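> I need the structure of the sequence given here:
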Amino acid sequence: MLDLRGVTVTFGGATAVDRVDLSVADGAVLAVLGPSGCGKSTLLRAVAGLEPLAAGRIAWDGADLAGTPTHRRGFALMFQDGQLFDHLTVARNVGYARRLQGVSRSVVRTEVADLLDLVGLGGYADRLPRTLSGGERQRVALARSLAARPRLLLLDEPLSALDTGLRGRLAADLRRILVASGTTALLVTHDQDEAFAVADRLAVMRDGRIVQEGATGDVWAHPADADTALFLGYGRVLEGEAAATLLRRAGLPSTAGAVALRPTAVWAGPDPSEGGSGIPAVVRSFRPAPDAGRLVVAVEGVGELDAVGAPGWVTQPGRRVVVRVERHAIAVLTGGATNPAGGAP
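Numbering: from 1, shown residues only. Predicted coordinates for the structure are as follows:
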């Protein structure tokens, strides 16, 4: 088990990581999610022993790692570019660490074959890295990291160099591979979808601090505050009377001080004179999209809201419509709203 208590890293008097407390249980995957510059990669490097601590403690199974050099921690670090040896075959890249450990060729050959099968690259042993796609190179890098049999796998934005579609597919495969191998892992990323796809638990980092930590589903459903909600992909945050009015009209308790709405939280359709039903609203803007129209609507007592139109339905600014609020797409914010009603900061 990895345990961080009060971990602080400074550069020239500036604090990059500020009193971070985190734990990663055996066999679990924790994602540290945050925007660029929040300190998440610095935190990962500190765990690896590549950055000195200004304060705090990093321990593994209760043993303080202070003074333990990087190569003796038993951790493997995988970067976004994979850092493969281009002059070596895939098999020799994957088996590199085991050969350094003095393991026999026959054992290494068997282990490499098993790992290539695990990452979906069976039959690629004799290929050179330059002949592979970006996704295939990252699979090789992952297999090489796992071959070292690390106590902890550290993943630094491992999929960020890939295009969106491939990143999504490889994230699901990464989760499968980590679970199948029973690997304990700490992932840092700025990509919400990647974090949700890979990790058991999620820690949201902002300005060097962990602002929320918990099971991925719980963090997504119950963001701690407005900034966290907006970073996680919620579209708008309402507070005060606007939040109370929306909750009341949605048939929910209206005691919350602030609420966050996902982009799909509000559905819009024709007004009652055209056979619709729901909360009256006026269209401010309409944009057709392949699956359904995207609108901004004004609701009396609430203000402007993003909405999704019924498939195939077209409207225009100034038209009266009705909206329906999807209860499952609303999150009550216990930490208040610092960016009310205005979308992402």
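> Walking through the protein, point out its helices one by one.
40-48, 90-94, 96-100, 105-118, 134-147, 164-181, 192-198, 216-221, 226-231, 240-249 (DSSP state H).
> Just the CA atoms of the first one, as PDB, please.
As requested, C-alpha coordinates have been extracted for helix 40-48 and formatted as PDB (Å, rounded to 0.1, in the frame of the first residue of the first chain):
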ATOM      1  CA  LYS A  40       0.000  16.300 -10.500                       C
ATOM      2  CA  SER A  41       3.100  15.300 -12.500                       C
ATOM      3  CA  THR A  42       5.300  16.800  -9.800                       C
ATOM      4  CA  LEU A  43       3.400  14.600  -7.300                       C
ATOM      5  CA  LEU A  44       4.100  11.500  -9.400                       C
ATOM      6  CA  ARG A  45       7.800  12.300  -9.700                       C
ATOM      7  CA  ALA A  46       8.000  12.800  -6.000                       C
ATOM      8  CA  VAL A  47       6.500   9.300  -5.400                       C
ATOM      9  CA  ALA A  48       9.100   7.900  -7.900                       C
END
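> Touching it from outside, list them.
Residues from elsewhere that reach helix 40-48, judged by CB atoms under 8 Å, 6 or more residues apart in numbering: 2, 4, 7, 9, 16-17, 20, 32-34, 51-53, 58, 70, 73, 75, 77, 152, 154, 156-157, 186, 188-190, 205. Just so you know, the C-beta spots here come from the backbone N, C-alpha and C atoms, and that holds for glycine as well.
> filter the residues you listed to the buried ones?
Neighbour-count burial (16 or more other CB atoms under 10 Å) applied to the contacts of helix 40-48 gives 2, 4, 7, 9, 16-17, 20, 32-34, 51, 53, 58, 73, 75, 77, 152, 154, 156-157, 186, 188-190, 205.
> so of the contacts of helix 40-48, which ones are in strands?
Using DSSP state E, the members of the contacts of helix 40-48 that fall within strands are 2, 4, 7, 9, 16-17, 20, 32-33, 58, 75, 77, 152, 154, 156, 186, 188-189, 205.
> Would you agree Q316 is in contact with S285?
No. Using CB atoms under 8 Å, Q316 is not in contact with S285; the gap is 9.2 Å.
> picking that back up, could I get the helices of the chain as TSV with mean neighbour count, mean pLDDT and distance to L65?
Shown next, in TSV, are these (neighbours: other CB atoms under 10 Å; pLDDT from 0 to 100; distance: least, CB to CB, whole Å):
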stretch	mean neighbour count	mean pLDDT	distance to L65
helix 40-48	23	95	8
helix 90-94	24	92	27
helix 96-100	16	83	20
helix 105-118	16	88	27
helix 134-147	24	85	19
helix 164-181	16	81	22
helix 192-198	21	89	24
helix 216-221	17	92	27
helix 226-231	23	93	30
helix 240-249	19	88	45
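> Reformat those as a markdown table; add distance to D26.
Formatted as a markdown table, those follow (distance: least, CB to CB, whole Å):
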| stretch | distance to D26 |
| --- | --- |
| helix 40-48 | 16 |
| helix 90-94 | 24 |
| helix 96-100 | 21 |
| helix 105-118 | 20 |
| helix 134-147 | 16 |
| helix 164-181 | 13 |
| helix 192-198 | 17 |
| helix 216-221 | 18 |
| helix 226-231 | 28 |
| helix 240-249 | 41 |
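> so who does the nearest residue to A243 once chain neighbours are set aside touch?
Distances taken as CB to CB, 6 or more residues apart in numbering place V259 nearest to A243, at 4.6 Å, with adjacent residues excluded. V259 is in contact with 237-239, 243, 246-247, 330-333, counting by CB under 8 Å, 6+ apart.
> and the residue positioned nearest the centre of the chain, what does it touch?
Centroid-nearest residue in the chain, with CA atoms, centre = their mean: A195, separated by 2.6 Å. The contact partners of A195, taken as CB under 8 Å, 6+ apart, are 31, 33, 187, 189, 202, 216.
> again, only using 7 Å
Each residue near A195 by CB atoms under 7 Å, 6 or more residues apart in numbering is listed here: 31, 33, 189, 202.
> Also G120?
G120 touches 139, 173, counting by CB under 7 Å, 6+ apart.
> Make residue 1 into 19 and carry on from there
Yep, numbering from 19; the last one is G138 now.
> Please report how far it lies from L62.
Distance of G138 to L62, computed by CB to CB, to the nearest Å: 26 Å.
> pLDDT-wise, which helix or strand of the protein ranks last?
Lowest by mean pLDDT, DSSP states H and E among the helices and strands of the chain is helix 182-199, with a mean of 81.
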